[in-house]
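**Student:** quick one: sequence and predicted model below, then my questions.
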Amino acid sequence: MKRLTITKALFKTVANLLFPVGEACIHCARVENRKNDPNLGPYTKCLKLCQRCATHMKPIRAPICHQCGRQMDRNSHSICFDCRRIPNRYVEASRSAFQYEGVTKDLLTVYKFRGRESLARPLALVIEQVIHEHYRNVRFDGLLYVPIHPSRQYERGFNQAELIALEVSKRTKLPLFHALEKTSHTIKQSKLGRNERLHSLQDAIRLKESIATHLENKTLLLIDDIYTTGATGEVCAKSIRDVTGAKVYMATIAR
């Protein structure tokens, strides 16, 4: 009987190696039965990650800056130093799910630069959770996304923010407004500081006249993949608010 039990256990082990049961991790492809990971907090059901990869994700936790959503120390001011230096903001508030490092950085890199468009859906689930966690008391009238220049979209094959926004729109039933366009090619913003970004993007992003009347006095959510200095969001929000009076909030995967 004991020998039979050992044989069954050995057979089960070999079978699991040859035909693994569970879901493949979207980062490393390891197959395992997923469990709720406390490290991911509210985002545990959004991303199919193995436990090893999940430990290398860093959700942004309270306390955070009320303006830009940056994670802060326990005894910090409710508004971070950078936001206090720049009080006149066009974006009402910005919130992000994760810190831009480790597995989060890897996922966004393969999504954005290696054409792994299948990640748009799980990333949209993350944005949906950001809305639930941080904007549950805000009644949005529609969604927007940060535009990229046509030449960059041709090079990349897609706009990473637009694909995520499309998925969020499908799930939330909020209309997606293709309202913004980038009219001039700028150098990569990741290499610039905030003031340099603002100068680089000045007059590079504009609101489409055909869409403007549909946005008057609306409350809108602007979606992007990464928040770096906030300059891109500010330029987008300014181009909308100056013409339509709409309020613009922002949500990103990481910062």
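**Tutor:** Okay, I see it. Numbers count the residues shown, from 1 in each chain.
**Student:** going forward, measure contacts between C-alpha atoms and count neighbours the same way
**Tutor:** OK.
**Student:** for A254, list the residues it contacts.
**Tutor:** S96, A97, F98, Q99, Y100, T104, D225, I226, Y227 (C-alpha atoms under 8 Å, 6 or more residues apart in numbering).
**Student:** apply 6 Å and report the result again.
**Tutor:** S96, A97, F98, Q99, Y100, I226 (C-alpha atoms under 6 Å, 6 or more residues apart in numbering).
**Student:** check I205 too.
**Tutor:** Taking C-alpha under 6 Å, 6+ apart as the test, what I205 contacts is E181, K182.
**Student:** what sits opposite it in the beta ladder?
**Tutor:** Beta bridges link I205 to K182, judged by DSSP bridges.
**Student:** where in the stretch 101-250 of the chain is pLDDT low?
**Tutor:** For the stretch 101-250 of the chain, applying pLDDT under 70 flags the ranges 185-201.
**Student:** where do the helices sit along it?
**Tutor:** 102-113, 120-134, 150-156, 160-172, 194-201, 209-212, 231-244 (DSSP state H, counting those that start in this stretch).
**Student:** nearest to E23, of these?
**Tutor:** Across those, E23 has its closest neighbour in helix 120-134 (13.8 Å, C-alpha to C-alpha).
**Student:** give the buried residues for that closest one.
**Tutor:** Buried residues in helix 120-134, counted by 16 or more other C-alpha atoms under 10 Å: 120-131, 134.
**Student:** related to what we said a few turns ago, turn the contacts of A254 into a markdown table, columns for neighbour count.
**Tutor:** Rendered in a markdown table, the data for the contacts of A254 read as follows (neighbours: other C-alpha atoms under 10 Å):
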| residue | neighbour count |
| --- | --- |
| S96 | 28 |
| A97 | 27 |
| F98 | 22 |
| Q99 | 21 |
| Y100 | 21 |
| I226 | 21 |
